[in-house]
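**Q** quick one, what's the 3D model for this:
(one chain, ligands or ions: 1)
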Amino acid sequence: MYQVIGTARSRAIRVFWMLEELGQDYEILAHGPHSAEIKAVNPSGKIPALIVDGVTLLDSVAIMQFLADRHENLTYKAGTIQRGMQDSFTNFALDEIDGALWTAGKHSFVLPEKLRVPAVLDTAKAEFNRAMKTLAARLGDNEFVMGDKITVPDILIGHCAGWAKSIKFDLPEGKLADYFKRVRSRPAFKRALVKSA
Ligand SMILES: N[C@@H](CCC(=O)N[C@@H](CS)C(=O)NCC(=O)O)C(=O)O
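**A** This is a model prediction of the structure:
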């Protein structure tokens with residue numbers, strides 16, 4: 001059985017969600033950032049971590065993609081053109097969406113107070129808004145970023161949409177709002193929220 005170190009209100013929810021999508025059994029070790037339990041496996045003290053076959057994997061997106069590859073679901077196969085396109089969406093979401101949200105988070109509550117620059121929040125919002133415009137253009141009329149098949153980047157983006165809402169960033173309306181709703185209303189996400197609550 002998989003074990004995941006991490007709490008629900010963190011990037012660990014991406015891993016719980018992916019495991020639910022894949023129908024895999026998992027145990028949640030609900031330890032927060034910088035706990036002794038996470039520091040024992042990750043020198044940075046960051047969550048989440050996945051423990052599989054006695055080995056620890058770090059970084060939520062690497063973990064999601066590993067699980068998708070391993071269980072051959074929610075992903076295109078490595079080496080295909082579609083996988084290249086899928087990974088491009090993953091990198092875009094990580095750089096431009098997660099990146100803007102994380103900048104806002106770091107300068108609101110993560111960094112020690114003396115290192116915070118509150119003015120950067122407006123920059124993070126502007127970057128987020130720009131990413132939303134790019135996403136709308138790249139999504140077009142598709143159901144999911146890769147077309148009609150849900151893949152790893154949709155889970156990542158779906159998580160980021162909820163994160164953005166929770167820190168009161170403006171979320172777009174129209175097709176993008178429908179897309180966020182479509183991804184976030186998946187039963188697997190609901191199960192992950194219940195299990196990790
Ligand atoms: N790239 C990592 C980032 C992990 C991360 O920053 N996690 C946050 C919680 S969501 C954390 O543990 N922060 C503590 C810190 O930054 O010191 C991932 O995607 O897993």
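**Q** and the longest helix for the protein?
**A** Longest helix in the chain, counting residues (DSSP state H): helix 120-139.
**Q** for it, buried residues please.
**A** Buried residues in helix 120-139, defined by neighbour count with 16 or more other Cβ atoms under 10 Å: 121, 124-125, 127-128, 131-132, 135, 139. The way it works is simple: take the backbone N, C-alpha and C, and place the C-beta from them, glycine included.
**Q** which other helices and strands contact that helix?
**A** Here helix 120-139 touches helix 81-92, helix 99-105, helix 175-184, going by 3 or more Cβ pairs under 8 Å, 6 or more residues apart in numbering; DSSP states H and E.
**Q** taking helix 81-92 as reference, get the angle to it.
**A** Going by axes from the mean of the first three to the mean of the last three Cα atoms, to 10 degrees, helix 120-139 is angled at 160 degrees with respect to helix 81-92.
**Q** the residue located most distally from the centre of the chain: what secondary structure?
**A** Distance from the C-alpha centroid of the chain peaks at K114, with 28.2 Å (Cα atoms, centre = their mean). Three-state assignment for K114 (DSSP: H, G, I helix; E, B strand; the rest coil): helix.
**Q** that one and K181: what is the separation?
**A** K114 sits 40 Å away from K181, going by Cβ to Cβ, to the nearest Å.
**Q** do N142 as well
**A** Separation of N142 from K181 (Cβ to Cβ) stands at 15 Å.
**Q** how close does the residue most central in space within the chain get to L29?
**A** By Cα atoms, centre = their mean, the chain has its centre lying nearest to L156, at 3.4 Å. Distance, L156 to L29, using Cβ to Cβ: 22 Å.
**Q** please apply the same query to L58.
**A** Noted for L58: a distance of 14 Å to L29, by Cβ to Cβ.
**Q** try F92
**A** With the distance defined as Cβ to Cβ, F92 ends up 31 Å from L29.
**Q** who's in contact with the closest residue to V117 other than its chain neighbours?
**A** Excluding the flanking residues, the one nearest V117 by Cβ to Cβ, 6 or more residues apart in numbering is H107, at 5.6 Å. H107 makes contacts with 116-118, 120-121, 124, as judged by Cβ atoms under 8 Å, 6 or more residues apart in numbering.
**Q** D69 too?
**A** Counted by Cβ under 8 Å, 6+ apart, D69 has contacts 75, 78.
**Q** and it, what element?
**A** Using DSSP states H and E, D69 maps to helix 60-71.
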